[in-house]
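Colleague: The sequence and its predicted three-dimensional model are supplied below.
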Amino acid sequence: MQVAIYKTRIPAEEIVAAMKAGEDGAVVVFEGNVRNNTRGRRTLFLDYEAYEEMALAQMRGLVAEALEKFSVRDIALAHRLGRLEVGETSVLIVVASAHRAAAFEGCRWLIDTLKKTVPIWKKEHFEDGAVWADGEPFPAALTLGGTEASNA
Amino acid sequence: MQVAIYKTRIPAEEIVAAMKAGEDGAVVVFEGNVRNNTRGRRTLFLDYEAYEEMALAQMRGLVAEALEKFSVRDIALAHRLGRLEVGETSVLIVVASAHRAAAFEGCRWLIDTLKKTVPIWKKEHFEDGAVWADGEPFPAALTLGGTEASNA
Amino acid sequence: MQVRVLYFGVLKDLFHAESEDLEMPVGSTVGSLLKSFQERAPERGGLWSSLAVAVNQEYAKKDCALREGDHVALLPPVSGGGGESQRQSQGSSRSSG
Amino acid sequence: MQVRVLYFGVLKDLFHAESEDLEMPVGSTVGSLLKSFQERAPERGGLWSSLAVAVNQEYAKKDCALREGDHVALLPPVSGGGGESQRQSQGSSRSSG
């Protein structure tokens, strides 16, 4: 497992190359890149920020869960923080596995789950201002449901 | 669209780099690599051969179909032929898209369909001999069903 | 007792701070802390109900008891990753131009 | 009339050739050509029924009429790609030594 947060460019080629092993038949890579527009509005750049220690712990937890859930051999997960220009990579996931179905499913589950649970936020800068991106709602398990009983 | 057959190493980094564009939010890459074993039997190397002109035409057809079916922006598909050592890449698929769901689904569909329909075969070389790999059965649409009516 | 409240994303802009030390009565919970924030900025109702809360870096429920020195993070819906899903949320879109 | 038959994969090994020019009666079809092969090597019954056939690089059905000079490719189930699926076929597995 290789989990990291980068403040500069994610070294995608090196991470992918380091993940290869003779028993793998399939490597699936997901790169999330900064788009030049959001709903048709021209994006100038993005600022990503995180609750960094918690984000890293959550990322490690998700990778451990994916390794077990999908029985893949190894996973690398990298997220970048700070200012990103259009075309730059904000997140990289590499899943190596004997079989391709598990590699695809594990990779997809990781990005979908990361986007809902890992405490990272992005601010989108447009020509006429900046807004925090709408996040996806938290899964029910992480929200504040439950009684407001005092534990005194 | 970039579709090619290689007789030497597939230049994966160059192909991925050439696929990027500002309107993409997601790039999904699939690499099929030569495993060091098949059902526990140690693989020495593989020989891939093709009905090359037809394989290339089929690959182009599949990419065109995927571009339309999944509404992704661009796709690269490369297959290697000849002798491949353990760890080398036999097939590379790169799907670039505004949205990640389409990129994942298009990439998965392409490798699954390629493996059933593109006329390429591999011979697996083991310590004690060589065998043509069992192919996946052809989809019904490509098999010889239909009457044996004489067209005379 | 004193807890440290950490602000992220839109909350950091709202309070012009990354964190704040708050005096809370002994026996306070995540829920009672959140209620005090709702009273501070009731006009942001939708925001408060969309939050998750982490106590010492673990997601916590409303009935989680707070202790002296806890780090309580108020987390707006997260938006890390990349490769937007097709489904776009409505809401914060402003007209461009 | 003469057609060119192209062999791939296991068929190339079986016939020790990449292709062969065959004389066929006018009016022959993909089906009648395949039947002549089944008669040549009836012991490989499973192989013949697993084939697909391409005429001039297009997949063809049994009733496809053949014409002088056609390239008729006999295609065993294909095994290109990589990244094996979990489901493994039975059959050609031999015990390892």
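Modeller: Yep, it's here. Bear in mind that the values here come from a model prediction, so they are computed numbers and not experimental data. Residues are numbered from 1 along each chain as shown, chains lettered A, B, ... in the order given.
Colleague: Which parts of chain A are helices?
Modeller: Taking DSSP state H as the criterion, chain A contains helices spanning A:12-18, A:52-70, A:100-117.
Colleague: Kindly report the same for chain C.
Modeller: So, for chain C - with DSSP H - the helices run C:10-15, C:30-40, C:45-50.
Colleague: Quick one, which of these gets closest to D:Val78.
Modeller: Within these, the stretch nearest D:Val78 is helix C:45-50; the backing value is 50.8 Å (C-beta to C-beta). The way it works is simple: take the backbone N, C-alpha and C, and place the C-beta from them, glycine included.
Colleague: A:Val72 is in contact with A:Ala102, correct?
Modeller: Yes: with the criterion set as C-beta atoms under 8 Å, A:Ala102 and A:Val72 qualify as a contacting pair; they are 5.1 Å apart.
Colleague: which residues are common contacts for the two?
Modeller: Shared contacts of A:Ala102 and A:Val72, defined by C-beta atoms under 8 Å, 6 or more residues apart in numbering or on different chains, comprise A:Val95.
Colleague: what's the weakest-modelled helix or strand in chain C?
Modeller: Here the helix or strand of chain C ranked lowest by mean pLDDT, DSSP states H and E is helix C:45-50, holding a mean of 87.
Colleague: List the buried residues in that one.
Modeller: If you call a residue buried by 16 or more other C-beta atoms under 10 Å in any protein chain shown, then helix C:45-50 has these buried ones: C:47-48, C:50.
Colleague: just checking, what packs against it?
Modeller: Helices and strands touching helix C:45-50, as assessed by 3 or more C-beta pairs under 8 Å, 6 or more residues apart in numbering or on different chains; DSSP states H and E, comprise helix C:30-40.
Colleague: partners of the helix or strand bottoming out on mean pLDDT in chain A in the sheet?
Modeller: Taking mean pLDDT, DSSP H and E as the measure, the helix or strand of chain A with the lowest value is strand A:37-38, at a mean of 88. Within its sheet, strand A:37-38 is paired with strand A:41-50 (antiparallel), according to DSSP bridges.
Colleague: low pLDDT regions in the chain?
Modeller: All of this refers to chain A. Confidence mapping of chain A against pLDDT under 70 gives the ranges A:146-152.
Colleague: um, chain C though
Modeller: Across chain C, residues meeting the criterion (pLDDT under 70) sit at C:83-97.
Colleague: Contacts for stretch A:59-71, please.
Modeller: Among residues not part of stretch A:59-71, those counted as contacts by C-beta under 8 Å, 6+ apart are A:1, A:3, A:5, A:72, A:74-75, A:77, A:79, A:95, A:97, A:102-103, A:105-106, A:109-110, A:113-114, A:117-118.
Colleague: Please point out which parts of it sit buried.
Modeller: In stretch A:59-71, residues buried by neighbour count (16+ other C-beta under 10 Å) are A:59, A:62-63, A:66-67, A:70.
Colleague: Count residues in the vicinity of A:Glu49, would you?
Modeller: Burial measure for A:Glu49: 19 neighbouring residues, criterion other C-beta atoms under 10 Å in any protein chain shown.
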